[in-house]
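*Asks:* below are the sequence and a predicted model; questions follow.
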Amino acid sequence: MITLDHPWTAAGQRQAFRLLFDAWARPGTIAELAEWSGGSRARLTVLAALCDSATTVHDAHALLDDGDLSRLGAQQTAADAAAFVLADATRAPDGLAPCRGELLTPERGATIVLDCQAVGEGPALRLSGPGVDGSAELRVLGVDPGWWQARAAWCAPPLGIDLILCDARRIACIPRSSVVEF
Amino acid sequence: MSPASSLQRPASSCDRFGFLDDFAVREMRRGMLKALAIPGYQVPYASREMPIARGFGTGGMQLTLALAVPQDRLKVIDQGADDSVNAVNLRRFITASCPGLATTTRTAEATLIQTRHRVPERQLAPGQMMIYQVPYPDPLQIVEPSEAKRRRCHAHGDYARLWVKLYEDVVRFREVSISNRYPARVAGRYIIDPSPIPRWDLPKLHCSPVAHLFGAGREKKLYAVPPFTEVVPLAFDDIPFAVEGFRATDCSRHACATCGATDTFLDEIPQVGAPPRWLCNDQDRCAERQGYPDGA
């Protein structure tokens, strides 16, 4: 019998999602997913907990191998139609135009999973808005400045994109409702 | 295709934790995240068939089942009571389908609190989460029967007809006549139906330290109020929002006949040939004030 380790077990995905949920509800807080990642980078743990054949993924910088894509089961589509966009944060989002949703369907705004060098280290961002008590500091290393300019252009709540910043083990979330200052 | 890649969803002993199948759970996860990202917006979801009838708390139960992890401690209340039929049945089903999940009646010890129609009196703390069973998710339903039109109103932030309804109430009754499901604006944008919690509970949602998730199983909608988010009841400048006063004819505040509390939501219990008694609606708060005399 073939058995698969985290992040492909339902139990591990359940635990990882709960950590993701708490980090998402409180933008700027950092969640440690290593226990449920089975050695994979956190980006794969996040996608495994959220994606299946009912979802669409755009792998902008070919970060997923064929095995991961097959296990995720998500359909690959163009960036402007994908529910999830996976990208390398060190590369500028040139030409990327993710779905921002529409006023009747703002939930269709994409979730962008950004693979960074480090979450919790590096230059500081200041976050405020729903989920944040006053303001919160978040440090991320290895994010091309173009991403912050692009996010500002894409987000006009309730429309916009939601960011999940991932490094090897940790994640932090910046939903569209957050205000980001530098 | 390699053997590993052909295994799209591996089986494991924990696959059935939480009753829902993997596709349903992932759909709810995606919906919950979007609901938090767009505070107050009603996210549509499939709302699977559950072993209880729609309208009996399936929305809240699906949220609980999708979120629970074995180390959680669950509290289920119905109108402030842990031991009413709805709460007992939901708790029994959830614990049967979530092996290892502990339950409690004490608000302070719970990590997940599923509720019908009340928010616990005790101040909630980070690490806890509120999950509401919602019969009617849309505050515009009282003024517009068409869901398609209501969605357009929400999209455009057009709540004029709701304001007119409140104004008409004021003209007819000199106050807003909505006793529960009182509409409130979340984060300055969407107006929500906070489920049939009394007005008393609505201020507890404002800048709360916990996330509040609302699930309407029959109507197939879920929405959320993230922590530390502005929740403002609709009111006019000259007629402010007010919670229940529980005042006697001499204007004194009724106290709970059991614990003596004068700072809780009270139930009026009619008595034959005697004045009514007033009791705390939140059983746990009442027992806590008495030092848990029954060891509950």
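*Replies:* Yep, it's here.
*Asks:* how much space separates residue A:15 from residue A:57?
*Replies:* Distance of residue A:15 to residue A:57, computed by C-beta to C-beta, to the nearest Å: 22 Å. Where you see a C-beta, it was placed from the backbone N, CA and C, and this is true even at glycine.
*Asks:* sorry, slip of the keys, the one I care about is residue B:87.
*Replies:* Counting by C-beta to C-beta, the gap from residue B:87 to residue A:57 is 40 Å.
*Asks:* would you mind listing what in the stretch 101-250 of chain B touches chain A?
*Replies:* Of all the residues in the stretch 101-250 of chain B, those in contact range of chain A (C-beta under 8 Å from any C-beta of the partner chain) are B:151-152, B:155-156, B:187, B:189-190, B:209, B:211, B:226-230.
*Asks:* hmm, 6 Å instead?
*Replies:* Contact residues, the stretch 101-250 of chain B versus chain A (C-beta under 6 Å from any C-beta of the partner chain): B:151, B:155, B:187, B:211, B:226, B:227, B:228, B:229.
*Asks:* which one of the residues you listed sits closest to residue B:220?
*Replies:* Nearest to residue B:220 among these, counting by C-beta to C-beta, is residue B:151 at 12.9 Å.
*Asks:* skipping its backbone neighbours, what lies nearest the closest one in space?
*Replies:* Nearest residue to residue B:151, sequence neighbours excluded (C-beta to C-beta, 6 or more residues apart in numbering or on different chains): residue A:104, at 5.9 Å.
*Asks:* and for residue B:79?
*Replies:* Counting by C-beta to C-beta, 6+ apart, residue B:79 lies nearest to residue B:117, which is 5.1 Å off, once chain neighbours are set aside.
*Asks:* what residues are up against that neighbour?
*Replies:* Contact partners of residue B:117, counting by C-beta atoms under 6 Å, 6 or more residues apart in numbering or on different chains, are B:79, B:196, B:197.
*Asks:* pLDDT at the first one, what is it?
*Replies:* Reading off the confidence values, residue B:79 has pLDDT 95.
*Asks:* now residue B:7
*Replies:* 42.
*Asks:* go on, residue B:294?
*Replies:* Looking at residue B:294, the pLDDT reads 76.
*Asks:* quick one: what helix or strand has residue A:114 in it?
*Replies:* Secondary-structure assignment from DSSP states H and E places residue A:114 in strand A:111-115.
*Asks:* next: residue B:90.
*Replies:* For residue B:90, the secondary-structure element it belongs to, assigned by DSSP H and E, is helix B:85-97.
*Asks:* check whether that helix contacts chain A.
*Replies:* No - Helix B:85-97 stays clear of chain A (C-beta under 6 Å from any C-beta), getting no nearer than 12.9 Å.
*Asks:* next secondary structure after that helix?
*Replies:* That would be, after helix B:85-97 and using DSSP H and E, strand B:102-103.
*Asks:* from the contact counts, what lies against that following strand?
*Replies:* Helices and strands touching strand B:102-103, by 3 or more C-beta pairs under 6 Å, 6 or more residues apart in numbering or on different chains; DSSP states H and E: there are none.
*Asks:* ok, that strand: who's next to it in the sheet?
*Replies:* strand B:73-78 (parallel) (DSSP bridges).
*Asks:* neighbouring contacts of the strand it pairs with?
*Replies:* Here strand B:73-78 has contacts from B:84, B:86-87, B:90-91, B:101-104, B:109-116, using C-beta under 6 Å, 6+ apart.
*Asks:* now do 8 Å
*Replies:* Outside strand B:73-78, the residues that touch it by C-beta atoms under 8 Å, 6 or more residues apart in numbering or on different chains are B:64, B:68, B:82, B:84-87, B:90-91, B:94-95, B:101-107, B:109-118, B:120, B:282-284.
*Asks:* burial of residue A:121, as a residue count?
*Replies:* Neighbours of residue A:121 under the rule other C-beta atoms under 10 Å in any protein chain shown: 13.
*Asks:* for it, what are phi and psi?
*Replies:* phi -130, psi 160 (degrees, to the nearest 10).
*Asks:* these two touch, right, it and residue A:138?
*Replies:* No - using C-beta atoms under 8 Å, residue A:121 makes no contact with residue A:138, being 10.7 Å away.
*Asks:* just checking, what packs against the longest helix anywhere in chain A?
*Replies:* In chain A, taking DSSP state H as the definition, the longest helix is helix A:10-25. The helices and strands touching helix A:10-25, judged by 3 or more C-beta pairs under 8 Å, 6 or more residues apart in numbering or on different chains; DSSP states H and E, are strand A:31-32, helix A:42-50, strand A:162-166, strand A:170-174, helix B:22-37, helix B:58-67.
*Asks:* next secondary structure after the fourth one?
*Replies:* Beyond strand A:170-174 on the C-terminal side, the first helix or strand identified by DSSP H and E is strand A:179-181.
*Asks:* of the helices and strands packed on helix A:10-25, which is nearest residue B:183?
*Replies:* Of all the helices and strands packed on helix A:10-25, the one in closest proximity to residue B:183, counting by C-beta to C-beta, is helix B:22-37 (17.7 Å).
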